[in-house]
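Asks: Provide a 3D model corresponding to the input given below.
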Amino acid sequence: MNKIIILGSNGHIGKIITKSLAIKYEILAPTSSEVDILNKKELINFVSRNKDSIYLNLSYRHHKEDTPYQIYDHNIKMIDNIRDASQYFNRLIQIGSIIENTTLYNDLHSGKVSLMNS
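Replies: Next comes the predicted model:
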C-alpha cells in the first residue's frame, strides 16, 4: 500500500484525519517547516521524492498579523504550486476552500470588495 502524505496535518481537521488514517495506513505528515508549500521548488523536490504516495491536501495558511488579502494571496500561491507540482503526484485529494475562513470570503460575495482594487 502506498503511504498517504497529509499536507496541512497540523490544523484542526488535519489532526483528526491524520489520527484516524494512521490506524490503518502508513502516514507521513510533514510540517510547513519540513515542506513549505509556498516554495514551489521545495514542494516539487519533496513530491518528486515521494511520487508513489497519495497526497491529501488540507493546507490553509494564515497568521494573526496577515490581512485578508495576504491570507488570500498565500493560499492562492499554495494552490498554484500544488498545481505546478501535480505532474509528480500519484494521486491528490484536495479538501476545503482556500478562503473559507477569511472575512475576505464574505466581502467578496457581498460585493463589498473586489480583488481588482486591492
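
Asks: roughly how far apart are the residue nearest to the spatial centre of the chain and G96?
Replies: By Cα atoms, centre = their mean, the mean C-alpha position of the chain lies nearest to S59, the distance being 2.7 Å. Plainly put, S59 is 8 Å away from G96 if you go by Cβ to Cβ, to the nearest Å. Any C-beta I mention is one placed from the backbone N, CA and C, and that applies to glycine too.

Asks: With S53 instead?
Replies: Using Cβ to Cβ, we find S53 at a distance of 20 Å from G96.

Asks: My guess is K40 contacts I82. True?
Replies: No: here K40 does not reach I82: they are 9.3 Å apart, not a contact under Cβ atoms under 8 Å.

Asks: More neighbours: the two, which one.
Replies: When neighbours are counted by other Cβ atoms under 10 Å, I82 comes out ahead of the other of K40 and I82, with 20 against 17.
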